[in-house]
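Visitor: I'd like to go over a predicted model; first the sequence, then the structure.
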Protein chains: 2
Amino acid sequence: MIDHRALHKLTYGMYIIGVAEGGDDNGQVSNTLFQVASEPLLVSVCINKVNRTHGMIQRSGAFTVSVLSTTAPMSLINLFGFHHGFDIEKFKEIPHRSADNGAPMVLSHTLAYIEVSVKSSLDAVSHTLFLGQVTNAGMLQEGEPMTYEHYRTVLKGYTPVTAPTFRPHERPPGIKG
Amino acid sequence: MIDHRALHKLTYGMYIIGVAEGGDDNGQVSNTLFQVASEPLLVSVCINKVNRTHGMIQRSGAFTVSVLSTTAPMSLINLFGFHHGFDIEKFKEIPHRSADNGAPMVLSHTLAYIEVSVKSSLDAVSHTLFLGQVTNAGMLQEGEPMTYEHYRTVLKGYTPVTAPTFRPHERPPGIKG
């Protein structure tokens, strides 16, 4: 028997993954990113195959990580977490700049950025785990990193259908991944 | 340029990965575990190739996750995080039981357990990312999950040389992965 409450005790951060392709910027929220090795410096992120970000990472081979602060408002998370990159230009109204690898990073409510060059990937049915090498990283401001727990308990945030940690029993009406 | 402080803003939990092979129990601390998909329910964990746990997961194809509570003492984390499974029987003095998949789970200072059947893996130079399906999961007690941040700031814990998030600039003397 699987008691899903056990899965809800896992700890995650909150990040915006940025990607660029052919002059288009796009991005999405991810809570599933971690460092995998220190020499070489590798990180892994998990992305749903239906998201526009997925194909853009596959084709461009690069992405950025913007580490969100606890000051990040729900409006920012909603924009990047609950809208499709196929429908809107997510970075249009958001302070951002292009990283050295060409992908956009968020400049507001972001503590730090990490630039990643994809090295390999692992199929996970609905999702792909991308493994990449860190090519650049820097601090933008001091502050507390937003955790998934903070997002859910303080901001009362839901989890999109397309997230790795989606909880089918609490599906709110009308949300998209 | 890579400013390592950016990597230190990533969020992790604290878990003990349990594994069994030929009547031997073993385990290690991991801070790099996350849910990867919800249908099917998949998780991924990152393990250093030099650790005994690594080969035991490869050969047995199964492991458990014990989700540590903030009540877990440094002695428990030291035992599973800073000693080799080749040198000592880590579970000998620790309250535990075998999960349905045969691997041991910690019963003290553990909020929840997850049993995993390995499906595939991805090479990450010094480490391997194991991807597996959750076969069983349950709650042991209520409480706050220990985060890596809690471990480092409240318990003043170091990171072993063999950890995915090892920080070369703060290597304490005599620690082992």
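Guide: Yep, it's here.
Visitor: per-residue confidence at the residue positioned nearest the centre of chain A?
Guide: Residue closest to the average C-alpha location in chain A (Cα atoms, centre = their mean): residue A:30, at 2.7 Å. pLDDT, residue A:30: 97.
Visitor: Distance-wise, check it relative to residue B:130.
Guide: Using Cβ to Cβ, to the nearest Å, residue A:30 is found at 20 Å from residue B:130. (C-beta placed from N, C-alpha, C; glycine too.)
Visitor: How about residue A:124?
Guide: Residue A:124 is 12 Å from residue B:130, by Cβ to Cβ.
Visitor: Spell out which residues are contacts of both of the two.
Guide: In the contact map built from Cβ atoms under 8 Å, 6 or more residues apart in numbering or on different chains, the residues linked to both residue A:124 and residue B:130 are residue B:44.
Visitor: ranges for the strands of chain A?
Guide: Under the criterion DSSP state E, chain A contains strands at A:15-21, A:24-30, A:33-38, A:41-48, A:62-68, A:96-98, A:104-106, A:110-124, A:127-139.
Visitor: and the second one, C-alpha only, in CSV?
Guide: What follows is the C-alpha trace of strand A:24-30 in CSV, where atoms were taken according to Å, rounded to 0.1, in the frame of the first residue of the first chain:
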residue,chain,number,x,y,z
ASP,A,24,12.5,32.8,-27.9
ASP,A,25,12.7,32.8,-24.2
ASN,A,26,10.7,30.4,-22.0
GLY,A,27,10.7,28.9,-18.6
GLN,A,28,8.8,27.1,-15.9
VAL,A,29,8.8,26.4,-12.2
SER,A,30,10.5,23.3,-11.0
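Visitor: Partner strands of it, with direction?
Guide: strand A:15-21 (antiparallel) (DSSP bridges).
Visitor: And the average pLDDT for the strand it pairs with is what?
Guide: Model confidence over strand A:15-21, given as mean pLDDT, is 98.
Visitor: ok, residues contacting it?
Guide: Strand A:15-21 is touched from outside by A:25-31, A:33, A:45, A:47, A:53, A:56-57, A:59-60, A:62-68, A:80, A:91, A:96, A:98-99, A:102-106, A:110, with contacts defined as Cβ under 8 Å, 6+ apart.
Visitor: Distance-wise, check the residue sitting furthest away from the middle of chain A relative to residue B:134.
Guide: Distance from the centre of chain A peaks at residue A:1, with 30.4 Å (Cα atoms, centre = their mean). Remark: distance between residue A:1 and residue B:134 (Cβ to Cβ) = 11 Å.
Visitor: What of residue A:109?
Guide: Counting by Cβ to Cβ, the separation of residue A:109 from residue B:134 is 33 Å.
Visitor: for residue A:22, same thing?
Guide: Counting by Cβ to Cβ, the gap from residue A:22 to residue B:134 is 39 Å.
Visitor: Please report phi then psi for the nearest residue to residue A:48 once chain neighbours are set aside.
Guide: Nearest residue to residue A:48, sequence neighbours excluded (Cβ to Cβ, 6 or more residues apart in numbering or on different chains): residue A:162, at 4.1 Å. Note on residue A:162: backbone dihedrals following degrees, to the nearest 10 are phi -90, psi 0.
Visitor: Can you report how many residues neighbour residue A:162?
Guide: 22 (other Cβ atoms under 10 Å in any protein chain shown).
Visitor: wait, it sits on residue A:50?
Guide: Yes. With contact defined as Cβ atoms under 8 Å, residue A:162 and residue A:50 form a contacting pair (5.9 Å).
Visitor: Correct me if wrong: residue A:63 contacts residue A:114.
Guide: No. Counting by Cβ under 8 Å, residue A:114 is not a contact partner of residue A:63; they are 9.1 Å apart.
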